[in-house]
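All I have is the shape, not the residue letters:
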């Protein structure tokens, strides 16, 4: 049996969300009136229309586990996102908390937090 689960995240504006993620290297595999699916290699994320979302109050999140965290960070960094801890959107530098794997954070333009986790880190 083959199974997978995908994140379902909010998007206030599909045009802007699509452009944001395309700048990170994602491609659109489906887009309808209320649903959009974007892919990045084997990674797939699905978006639902949520026009009344307030990005600063968003509690949506997803984890992306990768065996090439530094390469993925380099790819995302080409989008030239702010790197401070308040901007929406933003991209952090890689970091490591005690007892946790190495990771970096990406916050998209709708306030969704992505934790991009290094699967090769022994803390897993």
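Arrived safely, thanks for sending. Everything numeric here is computed off the predicted structure, so don't read it as measured data. Numbers count the residues shown, from 1 in each chain.

So residue 74: helix, strand or coil?
helix (DSSP: H, G, I helix; E, B strand; the rest coil).

what residues does stretch 53-67 touch?
7, 9-10, 12, 43, 45, 72, 88, 109-120 (Cβ atoms under 8 Å, 6 or more residues apart in numbering). Any C-beta I mention is one placed from the backbone N, CA and C, and that applies to glycine too.

cutoff 10 Å now
For stretch 53-67, the external contacting residues (Cβ atoms under 10 Å, 6 or more residues apart in numbering) are 6-12, 40-41, 43, 45, 50, 72-73, 86, 88-89, 101, 103, 105-120, 124.

Where does pLDDT dip in this structure?
Scanning the chain for pLDDT under 70 picks out 122-124.

name the helices or strands packed onto whichever helix in it runs longest?
The residue-count maximum for a helix in the chain (DSSP state H) belongs to helix 14-24. Counting contacts by 3 or more Cβ pairs under 10 Å, 6 or more residues apart in numbering; DSSP states H and E, helix 14-24 packs against strand 7-11, strand 27-31, strand 35-40, strand 43-49, helix 69-77.

Now do the buried residues in the fourth one.
Buried residues in strand 43-49, counted by 16 or more other Cβ atoms under 10 Å: 44, 45, 47, 49.

Residue 33: which of these is nearest?
Nearest to residue 33 among these: residue 49, at 7.5 Å, using Cβ to Cβ.

Residues in a beta bridge with the most centrally placed residue in the chain, which ones?
Closest residue to the average C-alpha location of the chain: residue 114 at 4.4 Å, with Cα atoms, centre = their mean. Residue 114 forms beta bridges with residue 62, residue 106, as assigned by DSSP bridges.

Report the separation between it and residue 21.
From residue 114 across to residue 21, the span is 11 Å (Cβ to Cβ, to the nearest Å).

joint contacts of these two?
45, 108.

Hmm, residue 12 and residue 52 touching each other?
Yes: between residue 52 and residue 12 there is a contact at 7.8 Å, judged by Cβ atoms under 10 Å.
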